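[1] quick one, fold the following:
(2 chains)
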Amino acid sequence: KQEVTQIPAALSVPEGENLVLNCSFTDSAIYNLQWFRQDPGKGLTSLLLIQSSQREQTSGRLNASLDKSSGRSTLYIAASQPGDSATYLCAVKGFRGGSEKLVFGKGTKLTVNP
Amino acid sequence: EAGVTQFPSHSVIEKGQTVTLRCDPISGHDNLYWYRRVMGKEIKFLLHFVKESKQDESGMPNNRFLAERTGGTYSTLKVQPAELEDSGVYFCASSQAGSSYGYTFGSGTRLTVV
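    The predicted model follows:
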């Protein structure tokens, strides 16, 4: 059974700091890994999608890496801004129980202080 | 392109009543998923449609939950009768056919059973 763990559960940093969010998963048989952002009371916004054959993806100030063999991914946020404050979710896509599905971690709640 | 649309955004009902949630996926997306997040827990899979067929409903909590996808377009999730533990946020997502594609999520329906 796939399990996804995100560390830390919460993080508070001053504006401008570079930071790393961690995600680990127990079953390396995945198709891809997706990082999402969730603002309070809102839906999930996809940030980055990394295929199982890829090592990293970049979008603006965000960089996500994937080490499938060790079951780890990191989301690096450069020069953090107060607008980055949100909950960040990691999810892996695998094939279980007859269909493809995402398995989510509980998320990291990020607060960037001005 | 229009995103995944869910409504209502919020619903407050009494225990024992019936509620129907609706999801309109991105046009052309064969895959449609329902997920749920209850307080303090991670987002969990409920079921997966491929076009109008249920591919996997292993995440459905019990037979009080019924999902349909009419003509392979929009989907409804009915809870009848609702119980207190059904409270949470229900998310719908869609994706294109193929294991390499990521998911696009709707904004969710926040269900409160009182």
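[2] tell me how far the closest residue to A:Ser59 other than its chain neighbours lies from A:Phe95.
    Using CB to CB, 6 or more residues apart in numbering or on different chains and skipping residues adjacent in sequence, the residue nearest A:Ser59 is A:Leu48, 5.7 Å away. (C-beta placed from N, C-alpha, C; glycine too.) Distance of A:Leu48 to A:Phe95, given as CB to CB, to the nearest Å: 21 Å.
[3] more crowded one of those two?
    Set side by side, A:Leu48 and A:Phe95 show more neighbours around A:Leu48, with 21 against 12, by other CB atoms under 10 Å in any protein chain shown.
[4] per-residue pLDDT, the more buried one?
    With respect to pLDDT, A:Leu48 scores 96.
[5] and it, how far is that from A:Leu66?
    According to CB to CB, A:Leu48 and A:Leu66 sit 10 Å apart.
[6] what residue ranges in chain B score low on pLDDT?
    B:1 (pLDDT under 70).
[7] what about 90?
    B:1-2, B:39-41, B:70-72, B:96-102 (pLDDT under 90).
[8] now the strands for it?
    Shown for chain B, the strands assigned by DSSP state E span residues B:5-7, B:10-13, B:19-24, B:31-37, B:44-50, B:53-56, B:65-69, B:75-79, B:88-95, B:104-105, B:109-113.
[9] could you list the buried residues of the second one?
    Read that as strand B:10-13. Across strand B:10-13, burial judged by 16 or more other CB atoms under 10 Å in any protein chain shown covers B:11, B:13.
[10] could you do stretch A:106-114 as well?
    With the criterion 16+ other CB under 10 Å, stretch A:106-114 contains buried residues A:106-110, A:112.
[11] so how far is B:Leu46 from the nearest residue to B:Leu111 once chain neighbours are set aside?
    Nearest residue to B:Leu111, sequence neighbours excluded (CB to CB, 6+ apart): B:Ser11, at 5.2 Å. B:Ser11 is 16 Å from B:Leu46, where distance means CB to CB.
[12] what's the answer for A:Gly107, then?
    Counting by CB to CB, the gap from A:Gly107 to B:Leu46 is 19 Å.
[13] how about A:Leu89?
    Separation of A:Leu89 from B:Leu46 (CB to CB): 17 Å.
[14] comparing the two, which residue is more hemmed in?
    Between A:Leu89 and B:Leu46, counting by other CB under 10 Å, A:Leu89 is the more crowded of the two (27 against 22).
[15] residue contacts, that one?
    Listed by CB atoms under 8 Å, 6 or more residues apart in numbering or on different chains, the contact set of A:Leu89 reads A:6, A:35-38, A:44, A:104-105, A:107, B:43.
[16] B:Thr104: which of the residues you listed is nearest?
    Within the contacts of A:Leu89, distances to B:Thr104 taken as CB to CB reach their minimum at A:Leu44, with 8.8 Å.
[17] tell me how many other residues surround the closest one.
    A:Leu44 has 26 neighbours, counted by other CB under 10 Å.
[18] quick one: pLDDT of it?
    A:Leu44 is assigned 92 on the pLDDT scale.
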